[in-house]
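*Asks:* I would like to see how this sequence folds:
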Amino acid sequence: MQFKEPTITRIRKATLVLTCSVALVTGVAACGAVKQITTGEKVGTAFDKLGDSDSLSVSFSLDATAAQLVSLDQGTSDAMKMVDAKNVAGLGATLTLSADKPLSQALKSVQTSAGGTIDPTTDPSLSFDLEVHAGGQKSLFEVRQVGGLEYLRINLDNMLSLSDDADVNQEISGMQAELGQMPPQYAPLKDLLLGKWVSLDPKQFAQVAKGMEGGSGTSALPSSVPSISAATKNSLISSLTSLFEQDVTLSDQGTANGLDHIVVQGPEAKLAAGIQQAFAPVAKALPGGVASSYPTAAPTGVPNKNVSADLYIGKDGSLSKVAFDFWQLNPKGKAGEHLPISLTFNDQAAAPTAPTGAVAVPPSLLTSLVQSISAAAGAGSSSSGSSNS
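*Replies:* Predicted coordinates:
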């Protein structure tokens, strides 16, 4: 769906409210900030139970039908076709976590003492699977970690079906055609690009990264996932707590289909401004260009109206689903128009297992790939420098 530029700008700003609807309740309720009231206590307990489980899956889904997507895109210069809408409808991702202890403890156990960074290799019992799919559950890519090893597969054909860019499709098709000409040592890469599973030892990966360190002491490969300090986390929670208590309301809508239904509601403009301010310290703590690109002032032009999200809690008291109508953020949206998205939670998820037949990626191939990437990047930099001189 396409919007005229002013609408795009306003919707980008308003998406902060979606973060508020989910992150506010997740971060604040789970920390017990709303347990002074009955409905708040129910919500807080629902999130706590997710962390108490030793397995959990979280699924994001675009719940709009193909017909809805086509209808919402009518009148644009490049309206979505039904064939494309069928590929996009149902677009989603599922993250599954499993450990031999409550996940709240397992996730703390993989935090290193060096700046609170996350290193999953420190606890081999912690397994995860991240799968991203298009409509019709067509898998795009999937990554797992089981027993200290990582596994990856990519489905290029399904990715091609999502793109109507002829140049991109031709480039990927050409890459697939060249696979047969690659030398034998690149067999794992061939398998990966043909949609097969490959495996990687993250400890060997870290050793390759260490071996690729330059004189500056920095590595061409990441050895851990960046995180934020405890002080920054506490500041975030404090800001969200204050915003939650002042501007967000919880309304118990009763029970339907065995699930308790609670509506989270708040003023769009106030929440957008509050979220922007609360996450500013987090953005500053992250590497790369996050800090420089993060807005320094509260968003303007956000409508002064209420937005809401729906929470559903199961019989066991754990959170089952968060639903949000993204179209309510469109200031030009009409009555009856909807773009539903959702997060679904399952604290009884099956633990990820190691895929059979995965081909191991040897350290030598990793080294060769990193050297090739580094050489290409250096050549590009030199070319750019020469053209500017």
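
*Asks:* next one: phi and psi at residue 257?
*Replies:* With angles defined as degrees, to the nearest 10, residue 257 sits at phi 60, psi 40.

*Asks:* give me the neighbour count for it.
*Replies:* Using other Cβ atoms under 10 Å, residue 257 has 6 neighbouring residues. Glycine gets a C-beta too; all of them are placed from N, C-alpha and C.

*Asks:* measure it to residue 275 for me?
*Replies:* Per Cβ to Cβ, to the nearest Å, residue 257 is found 31 Å from residue 275.

*Asks:* next one: residue 304
*Replies:* 16 Å.

*Asks:* same deal with residue 193?
*Replies:* 40 Å.

*Asks:* what do you get for residue 310?
*Replies:* Taken as Cβ to Cβ, the span from residue 310 to residue 275 is 19 Å.

*Asks:* can you classify the closest residue to residue 262 other than its chain neighbours by secondary structure?
*Replies:* Leaving aside its chain neighbours, residue 262 sits nearest to residue 311 (4.5 Å; criterion: Cβ to Cβ, 6 or more residues apart in numbering). At residue 311, secondary structure determined by DSSP: H, G, I helix; E, B strand; the rest coil is strand.

*Asks:* what's the answer for residue 243, then?
*Replies:* Recorded secondary structure, residue 243: helix (three-state DSSP).

*Asks:* so it sits against residue 274, correct?
*Replies:* Yes: the criterion here is Cβ atoms under 8 Å, and residue 243 meets it with residue 274 at 4.0 Å.

*Asks:* show me which of residue 310 and residue 275 is the more surrounded one.
*Replies:* Between residue 310 and residue 275, residue 275 has the larger neighbour count (other Cβ under 10 Å), namely 24 against 18.

*Asks:* need the three-state assignment for the residue most central in space within the chain.
*Replies:* Computing the C-alpha centroid of the chain and ranking residues by Cα atoms, centre = their mean puts residue 93 first, at 8.1 Å. For residue 93, the assignment made with three-state DSSP gives strand.

*Asks:* on the strand side of things, show who the nearest residue to it once chain neighbours are set aside bridges to.
*Replies:* Nearest in space to residue 93, with sequence neighbours left out and distances taken as Cβ to Cβ, 6+ apart, is residue 132 at 4.5 Å. Here residue 132 sits in beta bridges with residue 93, residue 141, going by DSSP bridges.

*Asks:* tell me, how many residues neighbour residue 132?
*Replies:* Residue 132, neighbours per other Cβ under 10 Å, totals 18.

*Asks:* ok, residue 186 next?
*Replies:* The burial count for residue 186: 16, using other Cβ under 10 Å.

*Asks:* my read is that it contacts residue 362, right?
*Replies:* No: counting by Cβ under 8 Å, residue 186 sits too far from residue 362 to count as a contact (10.7 Å).

*Asks:* shared neighbours of these two, anything?
*Replies:* Common contacts of residue 186 and residue 362 (Cβ atoms under 8 Å, 6 or more residues apart in numbering): none found.

*Asks:* returning to what we had before: in this structure the residue nearest to residue 262 contacts residue 322, no?
*Replies:* Yes: under the criterion of Cβ under 8 Å, residue 311 makes contact with residue 322 at 5.7 Å.

*Asks:* between these two, tell me which one has more neighbours.
*Replies:* The neighbour comparison of residue 311 against residue 322 (other Cβ under 10 Å) goes to residue 311, with 27 against 22.

*Asks:* list the contacts of that one.
*Replies:* Residue 311 is in contact with 25, 43, 46, 261-264, 319, 321-322, counting by Cβ under 8 Å, 6+ apart.

*Asks:* next one: phi and psi at residue 62?
*Replies:* In terms of degrees, to the nearest 10, the main-chain angles of residue 62 are phi -90, psi 110.

*Asks:* skip the chain neighbours and tell me the closest residue to it.
*Replies:* Residue 62's closest residue in space is residue 91 (Cβ to Cβ, 6+ apart), at 4.5 Å.

*Asks:* same drill for residue 243 and residue 274, tell me which one is more crowded.
*Replies:* Between residue 243 and residue 274, residue 274 has the larger neighbour count (other Cβ under 10 Å), namely 25 against 21.

*Asks:* neighbours of residue 208, how many?
*Replies:* The number of residues near residue 208, taken as other Cβ under 10 Å, comes to 20.

*Asks:* for residue 308, see how far away the residue nearest to it when sequence neighbours are not counted is.
*Replies:* Closest residue to residue 208 apart from its sequence neighbours, by Cβ to Cβ, 6+ apart: residue 366 at 4.7 Å. Residue 366 is 48 Å from residue 308, where distance means Cβ to Cβ.

*Asks:* quick one, what contacts residue 361?
*Replies:* By Cβ under 8 Å, 6+ apart, the contact list for residue 361 reads 188-189, 198-200.

*Asks:* can you tell me the strand partners of the helix or strand where residue 253 lies and which way each runs?
*Replies:* Assigning secondary structure by DSSP states H and E places residue 253 in strand 249-256. Strands that pair with strand 249-256, judged by DSSP bridges, come out as strand 259-267 (antiparallel).

*Asks:* please export the C-alpha coordinates of the partner strand as CSV.
*Replies:* C-alpha atoms of strand 259-267 as CSV (Å, rounded to 0.1, in the frame of the first residue of the first chain):
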residue,chain,number,x,y,z
LEU,A,259,-9.8,-16.0,26.6
ASP,A,260,-9.9,-12.9,28.8
HIS,A,261,-10.1,-9.8,26.6
ILE,A,262,-8.4,-6.6,27.8
VAL,A,263,-8.2,-3.4,25.8
VAL,A,264,-5.2,-1.1,26.1
GLN,A,265,-5.9,2.5,25.1
GLY,A,266,-4.1,5.8,25.1
PRO,A,267,-3.9,9.2,23.4
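
*Asks:* verify the stated contact: residue 135 with residue 83.
*Replies:* No: in this structure, residue 135 is not within contact of residue 83 by Cβ under 8 Å, at 10.6 Å.

*Asks:* the more surrounded of the two?
*Replies:* residue 135 (21 against 10).
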